[in-house]
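S.K.: here is a sequence together with a model predicted from it:
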Amino acid sequence: MNFVSIRIITGDVARLVNFYERATGVRANWSNEDFAELRTASATLAIASTRTVPLFAPGAAHPADNRSVIIEFLVDDVDSVHRNLTGFVGDFVNEPTTMPWGNRSLLFRDPDGNLVNFFTPVASAAVQR
């Protein structure tokens, strides 16, 4: 089994896609106005409109209602990313901070309130993982 993607359900696909394209530097591949994907080497961030939910199970997902998942991106230099996102991201939840497990992390919320973590391994054990 391979973990391949996470999908965000949103009320405004274009707004969220634009945000993630700017934040990550990855261009989205659009299937139609209700669905786009930002593909990286290891996983895909899919963004879909609320109109897609009934195709799976009506009422099963609600936009801008997540407070339990952190969407994480490995970056080369989290401090540089922080500088580039300052002025674009509204408020940072946490400025770049070195975590006890050896990653330097930057936390912020996307326009729907989803928590996003950009991180860089900095401790030797974290780099080896």
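M.R.: Good, I have the coordinates.
S.K.: check the gap between the residue positioned nearest the centre of the chain and residue 51 for me.
M.R.: Centroid-nearest residue in the chain: residue 71, 4.4 Å away (criterion: CA atoms, centre = their mean). Counting by CB to CB, to the nearest Å, the gap from residue 71 to residue 51 is 22 Å. For glycine as for every other residue, the C-beta is placed from the backbone atoms N, C-alpha and C.
S.K.: kindly report the same for residue 21.
M.R.: From residue 21 to residue 51 the distance is 21 Å (CB to CB).
S.K.: next one: the least confident helix or strand in the chain by mean pLDDT to chain centre, how far?
M.R.: Ranked by mean pLDDT, DSSP states H and E, the helix or strand of the chain with the weakest confidence is helix 124-128, at a mean of 81. How far helix 124-128 lies from its chain's middle: 23 Å, per CA atoms, centre = their mean, to the nearest Å.
S.K.: who touches it?
M.R.: 101, 102, 103, 121 (CB atoms under 8 Å, 6 or more residues apart in numbering).
S.K.: stretch 89-101 now?
M.R.: Contacts of stretch 89-101 (CB under 8 Å, 6+ apart): 23, 78-79, 82, 104-109, 115, 119, 122-123, 126.
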